[in-house]
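*Asks:* coordinates only, sequence not included:
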């Protein structure tokens, strides 16, 4: 049985005191699952600054698509934290909500008297989730691209001539996942003791925690990751681009000798001793891919993909965003809503099902 998860948190009340992407993404996650999410925006600065992060093609008075991407299903209130009446309203909201999501800059929570110690006096069962920027220096201004640079990601992307940032604010996304997990753990713990909990993470820690095999490559064998585009430093042909007839690009994720042997038979490529182990394929990668592409440039991409699929060989077509978002799956995952008189769309962030 698959549970209908849309309203699984319908009794949960979230107070969002955050802006830009990481905090609002957490709020939207819970909104998608039915929670009542109230987003507080700064009355003195016309709200969340991403409201005006407009593309050149967007109307100057429209809600930005960027803002709409992480602010689905919320109630929006404009308050001034320095106004006494607005502060009373805010305290009433703190008392009646289960979770606070905040991303105050260093010192701002104390300045507005909205730190955890104050909030748990107002609500002894509050879960207070705080997303910060730099753990190593809390006073630094933290934006995603700076964190991509300072935590090693930027130095590993692109190629030797041109570095490349990740095309979404991935460090914010990683931090959002960390804080969601922390909130859920706190909710489980509250089933036992009914206490208030503070959950904190930083963009910096979230980024470093996500370095995965690249961090172990360095820590264990002193391997320094370099910008190698789509390539995998440990596996070949994995991340290698195959060109087919008509210029269509495919990307491989071949990780075993058996997969490689099957692939060679499909494209009629002679598997010599130079390529009969992953270690050799990594060492001779450039020559190997050049020889493979001499063959695949004569092959139809659809037939090659179908043959690889039949033989369980991991390979995919490099698709542009329009092709992805016009797929049946993406259409099913598209959430539409009317916000401030404007029809808005975004892809849902909940991508799991519960079943028993």
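*Replies:* The structure has been received and is ready for your questions. Treat the numbers as computed from the prediction; the structure is a model and nothing was measured. Numbering: from 1, shown residues only.

*Asks:* just checking, what packs against the top helix by length along the chain?
*Replies:* Assignment by DSSP state H gives helix 170-193 as the longest helix of the chain. When contacts are defined as 3 or more CB pairs under 8 Å, 6 or more residues apart in numbering; DSSP states H and E, helix 170-193 packs onto helix 22-32, strand 99-102, strand 127-132, helix 144-150, strand 197-202, helix 203-209. Just so you know, the C-beta spots here come from the backbone N, C-alpha and C atoms, and that holds for glycine as well.

*Asks:* so which of these gets nearest residue 287?
*Replies:* helix 144-150 (32.4 Å; CB to CB).

*Asks:* just checking, what packs against that closest one?
*Replies:* Using 3+ CB pairs under 8 Å, 6+ apart: helix 144-150 touches helix 170-193, helix 203-209.

*Asks:* nearest to residue 253, of those helices?
*Replies:* Nearest to residue 253, of the helices and strands packed on helix 144-150 and by CB to CB, is helix 170-193 at 19.9 Å.

*Asks:* next one: that closest one to chain centre, how far?
*Replies:* 15 Å (CA atoms, centre = their mean, to the nearest Å).

*Asks:* in that helix, which residues are buried?
*Replies:* 170-180, 182-183, 186 (16 or more other CB atoms under 10 Å).

*Asks:* cool, stretch 152-163 as well?
*Replies:* Quick answer for stretch 152-163 (16+ other CB under 10 Å): 152-154, 156-157.

*Asks:* report the contact partners of the residue positioned nearest the centre of the chain.
*Replies:* Centroid-nearest residue in the chain: residue 173, 3.4 Å away (criterion: CA atoms, centre = their mean). Taking CB atoms under 8 Å, 6 or more residues apart in numbering as the criterion, residue 173 is in contact with 21-22, 25.

*Asks:* out of these, which is nearest to residue 113?
*Replies:* Distances from residue 113 to these, taken by CB to CB, are shortest for residue 22, at 23.2 Å.

*Asks:* need the pLDDT of the closest residue to residue 22 other than its chain neighbours.
*Replies:* With CB to CB, 6 or more residues apart in numbering as the measure, residue 172 is the residue that lies nearest to residue 22, at 4.0 Å, once sequence neighbours are left out. The confidence metric pLDDT takes the value 97 at residue 172.

*Asks:* so how far is residue 184 from residue 172?
*Replies:* 19 Å (CB to CB, to the nearest Å).
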